[in-house]
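In: Fold the following and give me the result.
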Amino acid sequence: MAGGLVALLDDVAAIARTAAASVDDIAAGAAKASAKAAGVVVDDAAVTPQFVHGAEPNRELPIIWAIAKGSLVNKLIITVAALLISQFAPWWVIPVLLIVAGSYLCFEGAEKVIEKATKKGHHDDAPAVEKGPEAEKKVIRGAITTDFILSCEIMVISLKEVMDETLLLRAAILVVVAIAITVLVYGAVALIVKMDDVGLHMTTKPRPGTQRVGHALVKGMPKLLAVISVIGTLAMLWVGGHIVLIEMHELGFHPIYEFVHGLEEPLHHVAVVGGVLAWLVNTFFSLVIGLVWGGIIAGIMHVLPFGKKH
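Out: Purely as a prediction, here's the structure:
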């Protein structure tokens, strides 16, 4: 009996060690995959606050919660599709999908730069914001649709980072990524959207120090949103350009990659700051590639009848 109990405990301990190792693998894989999708995540967080612009303060969080639930459903549906593609499609399908996703990022980033440069992004005569249950449903549907594109990019980029794992581990990692990024993005959006309300509440407190912080929050939030928007645009161009650069190289087009790599590689040997300098060079050229490639796509889209904006 004692021997059987010891054997059972050994089996339980072995299972526990295996489970712990699997959890570690999932956590490590999710962290690696999420890091590669960081640029899209920043843009997602920068884009989403506009969907609650003009809403009643007591409706902001419910709208964000509804969009977050739709975003998670988007990511889980995309995860299933991505896993099927990764398991059964030819090897070149993932690089092609990544180039499409990267090109979309470049296009969106270049569009924002063009609009800013030509002042087309400013509309002083913008229509009044619609309110009410039907208007909310319309906003939520539009936000979830926009999120679907960004979620596709996030999940495909994440999938590329875990292609060497088994199907089960790949699935677990992508589910963790989907949940973690949704919580991160929409938690940050909720915090950003409600921060001015927190600031207003703090201005009513009796302590002068608290009031000053409250006024600073109220005045600072528009500036913070503007900074986030700029960072999001740069992140789109950098990440999009980097994806196009790497995946074109994987598909057999090497000249641009070899040019950038040739500039980057010697910097790795510089003492202390070599890694940082190499990263800066790669990031700079990825951003330039993203802007140029996105500008070309934007130009083509504006020439095509269905691509023109009215």
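
In: Just want the phi and psi numbers for Asp164.
Out: As for Asp164, its main-chain torsions (degrees, to the nearest 10) stand at phi -80, psi -10.

In: pLDDT score assigned to it?
Out: Per-residue confidence (pLDDT) for Asp164: 81.

In: contacting residues around it?
Out: Going by C-beta atoms under 8 Å, 6 or more residues apart in numbering, Asp164 touches no other residue. C-beta coordinates here come from the backbone N, C-alpha and C atoms, glycine included.

In: Determine the longest helix present in the protein.
Out: helix 208-250 (DSSP state H).

In: ok now that helix, how far from the chain's centre?
Out: Chain-centre distance of helix 208-250: 12 Å, with C-alpha atoms, centre = their mean, to the nearest Å.

In: Tell me the buried residues in whichever helix or strand comes after that helix?
Out: Downstream of helix 208-250, the first helix or strand assigned by DSSP states H and E is helix 255-264. Residues Tyr257, Val260, His261, Glu264 are the ones in helix 255-264 that count as buried (16 or more other C-beta atoms under 10 Å).

In: next one: stretch 71-81
Out: Per 16+ other C-beta under 10 Å, stretch 71-81 contains these buried residues: Ser71, Leu72, Val73, Asn74, Lys75, Leu76, Ile78, Thr79.

In: Packing partners of the one helix or strand the last one maps to?
Out: Taking DSSP H and E as the definition, one finds Thr79 inside helix 57-88. Other helices and strands packing on helix 57-88, by 3 or more C-beta pairs under 8 Å, 6 or more residues apart in numbering; DSSP states H and E, are helix 93-118, helix 133-161, helix 167-203.

In: Of those helices, which is nearest Ala271?
Out: Closest of the helices and strands packed on helix 57-88 to Ala271 is helix 133-161, at 30.1 Å (criterion: C-beta to C-beta).

In: where does the stretch 51-200 of the chain dip in pLDDT?
Out: Residue ranges of the stretch 51-200 of the chain with pLDDT under 70: 51, 53-54, 120-131.

In: If we use 50, what do you get?
Out: 121-128 (pLDDT under 50).

In: For stretch 293-303, give me every contacting residue.
Out: Contacts with stretch 293-303, where a contact means C-beta under 8 Å, 6+ apart, come from 103, 105-111, 113-114, 237, 240-241, 244, 307-309.

In: All good on my end, thank you.
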